[in-house]
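Visitor: Give me coordinates for this.
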Amino acid sequence: MFATPAYAQDIGGAGAMGGLAGIIPFILMFVIFYFLLIRPQQKRMKEHKKMVENLRRGDQVVTAGGMIAKVTKVMDDDEVEVQIAEGVKIRIVKSTVSAVLSKTEPAND
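Guide: Next comes the predicted model:
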């Protein structure tokens, strides 16, 4: 029922390697999570931020609520004015733009 003294001494002798061997699976799990979950999410966030920063007047966008709208005015702060119907303009937060359907060409200087 109890461990023999020889077995107990054997376990105590491998303490330094045993502690490191116990940590290795956790390190491997973190590396796998980083490459499968964290890194792709960061990449998507960077792409979304770049898309929102490049919004300009005339772009046709889809909001997070599913509305298709045309950008009529880009404000300096975190807002965009969009036209959802003829004569109906609303202000939305830039981060709620989920996709740009069609881009307008930049004006030539």
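Visitor: helix/strand/coil for S98?
Guide: In three-state terms, and counting by DSSP: H, G, I helix; E, B strand; the rest coil, S98 is strand.
Visitor: Pull out the buried positions in the helix ranked longest in the chain.
Guide: With secondary structure taken from DSSP state H, the chain has its longest helix at helix 15-33. Across helix 15-33, burial judged by 16 or more other Cβ atoms under 10 Å covers no residue at all. Using the backbone N, CA and C atoms, a C-beta is placed for each residue, glycine as well.
Visitor: swap in stretch 93-109?
Guide: By neighbour count on 16+ other Cβ under 10 Å, the buried set for stretch 93-109 is K94, V97, V100.
Visitor: Assign a three-state SS to the closest residue to the second one other than its chain neighbours, would you?
Guide: Put plainly, it is V97. Of all residues not flanking V97 in the chain, V61 sits nearest, at 4.9 Å (Cβ to Cβ, 6 or more residues apart in numbering). Counting by three-state DSSP, the backbone at V61 sits in strand.
Visitor: Give the bridge partners for S102, please.
Guide: S102 has these beta-bridge partners by DSSP bridges: Q60.
Visitor: Just to check, it is in contact with D59?
Guide: Yes: counting by Cβ atoms under 8 Å, S102 does reach D59; the two are 6.8 Å apart.
Visitor: hang on, the earlier thing: centre of the chain to the following helix or strand past the longest helix of the chain, how far?
Guide: The element immediately downstream of helix 15-33 (helix or strand, assigned by DSSP states H and E) is helix 39-53. In this view, helix 39-53 has its centroid 6 Å away from the chain centroid, taken as Cα atoms, centre = their mean, to the nearest Å.
Visitor: Perfect, that will be all.
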